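Q: I'll drop the sequence and a predicted model, then ask my questions.
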Amino acid sequence: MSTEKPKVIPNYAKFVMGGISGMGATMFVQPLDLVKNRMQLSGEGGSAKAYKNSFDAVKTIIRTEGVTGIYTGLSAGLLRQATYTTARMGFYQSLLDHFNQQYNNQLGFFAKASIGIFAGGVAAYIGTPAEVALIRMTADGKLPPAERRGYKNVFNALYRIAKEEKVTTLWKGATPTVARAMVVNGAQLASYSQSKEFLVSTSYFREGIFLHFCASMISGLVTTIASMPVDIVKTRVQKSSGSTNAVKIFMDVIRNEGVFSLWKGFTPYYARLGPHTVLTFIFLEQLNSMYKKFL
C-alpha cells in the first residue's frame, strides 16, 4: 500500500493566489467601489445629497469627470488587494487547512468565522494605508475644484499624505477599518465555506464554477448586510483630513440621516461586493486547480 502523502498547496502560494484573485476581481468592480464611496459620502454633515441614487451617481460622474472617471482610484484599489486580500486570504486558507487537518474537517461555522475574523483584522491593519489612499482618491471628484487633492496615483497619494499631514495619517481610521474587515471576513469567508459545503451536500451541486458562483453570491449577500454600517463610518473617517471620532460619526449618521442610512448605497455596495466575492473565489478556485494540476 502506498504511503505517499497527498499533495498540498504550500502556504506562500495561498497568499500569492489570494492576492492575484483579489486584484483580478478589482479590475472589474472598481467603478462600483467608486459609486459606493460617493454614495456613502453623499449627505455627509447634513448637506444636500449629491446623487439621487446609484444610477444618477454613475451618470453624474461620467458627465463631470469623463468615462475614465469611473476608474478613479484604480491603482489604490489594486494596491489594497495586493496587501489586504493577499494577507486575509493567505492567513484564512492556511489556518483553515491547518485546523481542518487537526479536527478531521469537522470545523463548524463559528470556528470558520473566528478564523476569518482573525485573518481579516490582521490583514486590514496591513492594508489601511492603501485603503486611506483609495477613499481619498475616489472622493476627490466630489469636492469643489479648489479643495481637490489631485493625487496622480496611489504612490503619489501615500507620499503626499505622509508629507503634507503625517505618517500616522496613513493608518487613519484603522480601528473602524479593522472592525469592518473582521465583520466582512468573519461573514464572507465562513459563509462561503459553509454555503459550499451545504450546496454539495444537497447532491444538486458538484465541484465546479457553478458551485463556486452560488456559494459566492450567498456569501456576498450575508457580508453586505452585516458590514455596511461599519463600512459607512470607516469611509467617512478616512475621507476627512481633520480629527475624527468613529463613534460620534456613527451616532451623527443615525441622528441626522436616520438608521437606514447605515445601509445607504446598498445597491452599489452589493453590486460591488457580490461580483467581487464571486470573481475572487472563482479566480482563487481556478488558481488552486491549476496549481495542483501543473505544479
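A: Here it is on my side, so go on. Numbers count the residues shown, from 1 in each chain.

Q: what's stretch 87-104 in contact with?
A: 8, 11, 14-19, 21-22, 107, 111-112, 115-116, 118-120, 122-124, 126-127, 181, 185, 189, 193, 280, 284 (Cβ atoms under 8 Å, 6 or more residues apart in numbering). Placement of C-beta: from N, CA and C, glycine included.

Q: quick one, which of these are buried?
A: 14-19, 21-22, 107, 112, 115-116, 118-120, 122-124, 127, 181, 185, 189, 193, 280, 284 (16 or more other Cβ atoms under 10 Å).

Q: before we move on, the earlier item: among the contacts of stretch 87-104, which are located in helices?
A: 11, 14-19, 21-22, 111-112, 115-116, 118-120, 122-124, 126-127, 181, 185, 189, 193, 280, 284 (DSSP state H).

Q: and residue 223, what's its pLDDT?
A: We have a pLDDT of 89 for residue 223.

Q: right, and it touches residue 189 too?
A: No: at 9.1 Å, residue 223 and residue 189 do not qualify as touching, with contact defined as Cβ atoms under 8 Å.

Q: pull the CA atoms of stretch 202-222 into CSV?
A: The C-alpha coordinates for stretch 202-222 follow below in CSV (Å, rounded to 0.1, in the frame of the first residue of the first chain):
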residue,chain,number,x,y,z
THR,A,202,-27.8,18.6,-1.4
SER,A,203,-26.5,16.4,-4.3
TYR,A,204,-27.6,19.1,-6.8
PHE,A,205,-24.1,20.6,-7.0
ARG,A,206,-20.7,19.2,-7.7
GLU,A,207,-17.3,20.9,-7.6
GLY,A,208,-17.1,23.5,-10.4
ILE,A,209,-17.6,27.1,-11.3
PHE,A,210,-21.4,26.9,-10.8
LEU,A,211,-21.0,25.8,-7.2
HIS,A,212,-18.4,28.5,-6.6
PHE,A,213,-20.7,31.1,-8.1
CYS,A,214,-23.8,30.1,-6.0
ALA,A,215,-21.8,29.9,-2.8
SER,A,216,-20.1,33.3,-3.5
MET,A,217,-23.5,35.0,-4.1
ILE,A,218,-24.8,33.8,-0.8
SER,A,219,-21.6,34.9,0.9
GLY,A,220,-21.8,38.3,-0.8
LEU,A,221,-25.4,39.0,0.4
VAL,A,222,-24.6,37.9,4.0
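
Q: centre of the chain to that stretch, how far?
A: Using Cα atoms, centre = their mean, to the nearest Å, the mean C-alpha position of stretch 202-222 is found 20 Å from that of the whole chain.

Q: contacting residues for residue 248?
A: With Cβ under 8 Å, 6+ apart, residue 248 has no contacts at all.

Q: which element, helix or strand, includes it?
A: helix 246-257 (DSSP states H and E).

Q: list the buried residues for the helix or strand that contains residue 218?
A: Element membership of residue 218 [criterion: DSSP H and E] is helix 209-239. Within helix 209-239, the residues that count as buried by 16+ other Cβ under 10 Å are 211-212, 214-224, 226-239.

Q: how about stretch 99-115?
A: 99, 107, 112, 113, 114, 115.

Q: what's the neighbour count on the residue lying closest to the fourth one once chain neighbours are set aside?
A: Looking back up the chat, that one is residue 113. Spatially, and ignoring its direct neighbours in sequence, residue 113 is nearest to residue 190 (3.9 Å; Cβ to Cβ, 6 or more residues apart in numbering). Counted by other Cβ atoms under 10 Å, the residues lying close to residue 190 total 26.

Q: quick check: residue 190 touching residue 118?
A: No: applying Cβ under 8 Å as the test, residue 190 and residue 118 come out as separate, 11.5 Å apart.
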